[in-house]
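1. quick one: sequence plus predicted model below, questions after.
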Amino acid sequence: MERESDLLNALAANPQDDAARGAYVRLLERENRATQAEYLRLEMTMAGMVEEDPQYTTRQADLRRLRLDQDAMWLQWVARPYDLILERFQPDRRYGVQFSIQKETGLGEAEVSELLQHLPCVVLRSVCREKAEGVKEQMEMFIGRYRHPTQEGVAMIEKHPPVVLRIRQSQGNMRTIM
């Protein structure tokens with residue numbers, strides 16, 4: 001039987017190790033830590049889902065609810081790392097996109113301008129899902145309202161969203177990045 005510390009170390013070394021994650025879920029279930037086991041099981045399920053999946057929103061809400069009941073330090077050890085990817089944005093939203101990225105990352109104007117020349121690009125790398133979701137929502141809300149000053153008051157029918165951001169499972173380890 002594996003010890004919790006061994007499984008946590010395995011997850012720290014390789015956050016994508018589903019064998020270690022599954023073994024840890026079974027250990028949690030044996031120890032009657034059902035909420036933690038459910039959190040990890042749901043996180044494993046969501047790792048293979050795309051946002052367009054009909055059950056994504058429901059499962060995302062369940063994951064957020066379960067996350068509230070967990071110790072922050074435990075989550076830092078077991079949570080999968082995620083990247084926030086900027087897929088595309090409408091040209092009239094460039095200044096809002098640039099400002100949002102600078103605010104969230106601390107990058108300078110020149111660095112962000114260079115980043116925006118090569119879409120899709122990683123806005124945040126190897127962060128917890130909660131952080132990626134929060135930044136995504138904030139950026140979508142801000143960018144959705146912001147237009148370059150020369151565009152203010154111009155009625156535009158938007159056929160596409162002003163910005164497209166995606167969350168994907170990272171290949172990195174968030175504990176070494178943050």
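-> Looks like it arrived, so ask away. Numbering: from 1, shown residues only.
2. rounded mean pLDDT for stretch 3-16, please.
-> The average pLDDT for stretch 3-16 rounds to 89.
3. same question, stretch 114-124
-> Average pLDDT, stretch 114-124: 93.
4. in it, which residues are buried?
-> Across stretch 114-124, burial judged by 16 or more other Cβ atoms under 10 Å covers L115, V123, L124. Backbone N, C-alpha and C define where each C-beta goes, glycine included.
5. name the residues that touch stretch 162-173?
-> 12-16, 47, 51, 80-90, 92-93, 96-97, 120, 123, 125-127, 129, 132-133, 136, 139-140, 143-144 (Cβ atoms under 8 Å, 6 or more residues apart in numbering).
6. with just CA atoms, put it into CSV.
-> C-alpha atoms of stretch 162-173 as CSV (Å, rounded to 0.1, in the frame of the first residue of the first chain):
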residue,chain,number,x,y,z
PRO,A,162,-14.2,40.1,-29.2
VAL,A,163,-11.7,37.7,-27.7
VAL,A,164,-11.3,33.9,-27.7
LEU,A,165,-9.4,32.5,-24.7
ARG,A,166,-9.0,28.7,-24.0
ILE,A,167,-7.8,26.8,-21.0
ARG,A,168,-5.7,23.7,-21.6
GLN,A,169,-3.8,21.3,-19.5
SER,A,170,-0.2,22.4,-19.1
GLN,A,171,2.7,20.2,-19.6
GLY,A,172,4.6,22.1,-16.9
ASN,A,173,4.6,21.9,-13.1
